[in-house]
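Q: Any chance you could fold what I've pasted below:
(one chain, ligands or ions: 1)
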Amino acid sequence: MATPAIEVAGLRKRYGEGEAAVDALKGVDMIIHPGEVVGLIGPSGSGKSTLLKCLGAVIEPSAGRMALAGQTIFDERWKIRDLRALRRDSIGFVFQAPYLIPFLDVTDNVALLPMLAGKPNHEARRQAMELLEALDVGHRAKASPSELSGGEQQRVAIARALVNRPPVILADEPTAPLDSERALNVIRILNRMAGQYQTAIIVVTHDEKIIPTFQRLYHIRDGRTFEEAGEGRSA
Ligand SMILES: Nc1ncnc2c1ncn2[C@@H]1O[C@H](COP(=O)(O)OP(=O)(O)OP(=O)(O)O)[C@@H](O)[C@H]1O
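A: Got it, this is the predicted structure:
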């Protein structure tokens, strides 16, 4: 089988020290392959955001190991120097709110990252346009974000997350503000994009509408993950 896109073993995160210490992750294991869209669910305070922040190299784990696309990025300590470049090139983020830049048009919102990474502007815009068309918002390329519907804004945010072709996308409640039909559409799009670009996508969600759509579902409870072996799921 291909190299996993995400491999996590024995991951721990402790906030604070001494009496005030909180063990938010107590030994998380997970393997996600290229092209998979995996759900991550759990009650409030179970460690979902902490896990996403560790995977996204936003906070430093306390122990364990993480590898992205076969590259060990953390093994008891960071194994790479430039975490900013790692985030830019290897990880796409999708949030509950699209966080588009209001004074850039739709195309430049998506093209900005490759431009910042040094791509010529015309090439970055061509790449952005290709994704916007794949996500059925190509016709809104010149609009400003405030002129788009919530579902369209979220599709632009997905295009932005994909534009540097990262092996991994971390999505935190991406469908929360959307109605059923739009939420399911976002999941359909994430599945299609994962297959097309062989991206591994983790979706943190509370959204009952989309939970049944995941082929694999991880639960997190009190800092520990386990995979649901449910009907219709491949676990
Ligand atoms: N910066 C921090 N300092 C100390 N404790 C923290 C910090 N961030 C989170 N925690 C604690 O770590 C635990 C896990 O929090 P986390 O935010 O990862 O949970 P969550 O599953 O994302 O919750 P929610 O669904 O409510 O967003 C909680 O007990 C929380 O209080």
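Q: Give me the phi and psi angles of the nearest residue to residue 135 once chain neighbours are set aside.
A: Among residues not flanking residue 135 along the chain, residue 155 sits closest, at 4.4 Å (Cβ to Cβ, 6 or more residues apart in numbering). Every residue, glycine included, has its C-beta placed from N, CA and C. Main-chain torsions, residue 155, degrees, to the nearest 10: phi -70, psi -40.
Q: What are the neighbouring residues in contact with residue 155?
A: Contact partners of residue 155, counting by Cβ atoms under 8 Å, 6 or more residues apart in numbering, are 135-137, 186, 189.
Q: show me the contacts for the spatially most central residue of the chain.
A: Residue closest to the average C-alpha location in the chain (Cα atoms, centre = their mean): residue 170, at 1.2 Å. With contacts defined as Cβ under 8 Å, 6+ apart, the neighbours of residue 170 are 52, 55-56, 91-94, 201-202, 204.
Q: Which among the contacts of residue 155 count as buried?
A: When these are checked for burial by 16 or more other Cβ atoms under 10 Å, the buried set is 135, 137, 186, 189.
Q: Any chance of CSV for those residues, columns secondary structure, pLDDT and distance to residue 120?
A: CSV is the format used below for the buried ones among the contacts of residue 155 (DSSP: H, G, I helix; E, B strand; the rest coil; pLDDT from 0 to 100; distance: Cβ to Cβ, whole Å):
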residue, secondary structure, pLDDT, distance to residue 120
135, coil, 85, 23
137, coil, 93, 23
186, helix, 85, 31
189, helix, 87, 28
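Q: Among the contacts of residue 170, which are located in helices?
A: 52, 55 (DSSP state H).
Q: Quick one: which of the contacts of residue 170 is the most crowded by neighbours?
A: When neighbours are counted by other Cβ atoms under 10 Å, residue 201 leads these with 28 neighbours.
Q: per-residue pLDDT, it?
A: On the pLDDT scale, residue 201 is placed at 96.
Q: before we move on, what about residue 230?
A: As predicted, residue 230 sits at a pLDDT of 54.
Q: ditto for residue 141
A: For residue 141, the predicted pLDDT is 97.
Q: Run a quick neighbour tally on the closest residue to residue 173 other than its chain neighbours.
A: Counting by Cβ to Cβ, 6+ apart, residue 96 is the residue found nearest to residue 173 once chain neighbours are left out, at 4.1 Å. Residue 96 has 17 neighbouring residues, counting by other Cβ under 10 Å.
Q: Residue 25 now?
A: By other Cβ under 10 Å, the burial measure for residue 25, its neighbour count, is 26.
Q: now the one 4 residues further on
A: As a burial measure, residue 29 scores 16 neighbours (other Cβ under 10 Å).
Q: Name the secondary structure element that contains it.
A: Residue 29 belongs to strand 22-32 when assigned by DSSP states H and E.
Q: Give me the next element, helix or strand, following that strand.
A: strand 37-41.
Q: Partner strands of that next one, with direction?
A: strand 200-204 (parallel), strand 216-221 (parallel) (DSSP bridges).
Q: Most tightly packed of those strands?
A: Stretch with highest mean neighbour count among those: strand 200-204 (a mean of 25; mean count of other Cβ atoms under 10 Å).
Q: counting contacts, what elements does the lowest-mean-pLDDT helix or strand in the chain pack onto?
A: Ranking every helix and strand in the chain by mean pLDDT, DSSP states H and E puts helix 180-197 at the bottom, with a mean of 88. Packed against helix 180-197, as judged by 3 or more Cβ pairs under 8 Å, 6 or more residues apart in numbering; DSSP states H and E, are the following elements: strand 37-41, helix 150-162, strand 168-172, strand 200-204.
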